[in-house]
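> Fold the following and give me the result.
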Amino acid sequence: MLQVATHAPSAHNSQPWEFVVVQDEQVRRQVSTVARNSWEQARSIAQGAIDPDMFGDVDRFIEVSDFGGAPVLIVLGVDLDRVSEAVAGCSIYPAAQNLMLAAAALGYASAFTNFTVSANDSLGEVIGFPHHVAPYGIVSLGRSARPLGPPRRESIFDKAHRDRYGQRWRSD
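This is a model prediction of the structure:
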């Protein structure tokens, strides 16, 4: 999964990603504590901004079950000595997606969270990132407790346009 993650595109081909695979129970608890504290700060904003069902899922995922009880957390970092903050996201987020696609192909469930960016210093300290490596998200990995259905997505016909915005793409 990590190998596939490193095949992602990155700004200037800088490959600035750093991955900390957290399996140790004590470190997972510390990461979960940072995540809960970050969620508490983001919760009131998120509650009004996202679908109530999704909000409830996220709330249970973080507050109640420590990343859904996932046995593995992967903290995604960006080496800011290799790439500027302005393009860090377009380097690490494709790597996160590749990692998650590889996990799905191998039968694992995964979830990505990035609200912990508000606690970069705390999260970086817990996992030992040097000062020039910034955490940009966490991917939780494990076997799903229930069968996974298709992702919740709006129709492509509501999102795709032909030649100009507003000229809807049709299926014909």
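> State the number of residues packed around the residue nearest to Ile156 when sequence neighbours are not counted.
Nearest in space to Ile156, with sequence neighbours left out and distances taken as C-beta to C-beta, 6 or more residues apart in numbering, is Trp169 at 7.3 Å. Yep, even glycine has a C-beta here, placed from its N, CA and C like the rest. If you count neighbours by other C-beta atoms under 10 Å, Trp169 ends up with 13.
> how about Trp169, what does it touch?
Contacts for Trp169 (C-beta atoms under 8 Å, 6 or more residues apart in numbering) come out as 156-157, 160-162.
> And it, what's its pLDDT?
pLDDT recorded at Trp169 is 86.
> cool, Asp172 as well?
Reading off the model, Asp172 has pLDDT 64.
> Count the neighbours of Gly166 for me.
Gly166 has 7 nearby residues by other C-beta under 10 Å.
> Need the three-state assignment for it.
coil (DSSP: H, G, I helix; E, B strand; the rest coil).
> For it, give its distance to Arg153.
Distance check for Gly166 against Arg153: by C-beta to C-beta, to the nearest Å, it reads 21 Å.
> Turn the contacts of Trp169 into CSV, including neighbour count, secondary structure and distance to Phe115.
As requested, these are exported to CSV (neighbours: other C-beta atoms under 10 Å; DSSP: H, G, I helix; E, B strand; the rest coil; distance: C-beta to C-beta, whole Å):
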residue, neighbour count, secondary structure, distance to Phe115
Ile156, 9, helix, 27
Phe157, 10, helix, 31
Ala160, 11, coil, 29
His161, 10, strand, 30
Arg162, 10, coil, 35
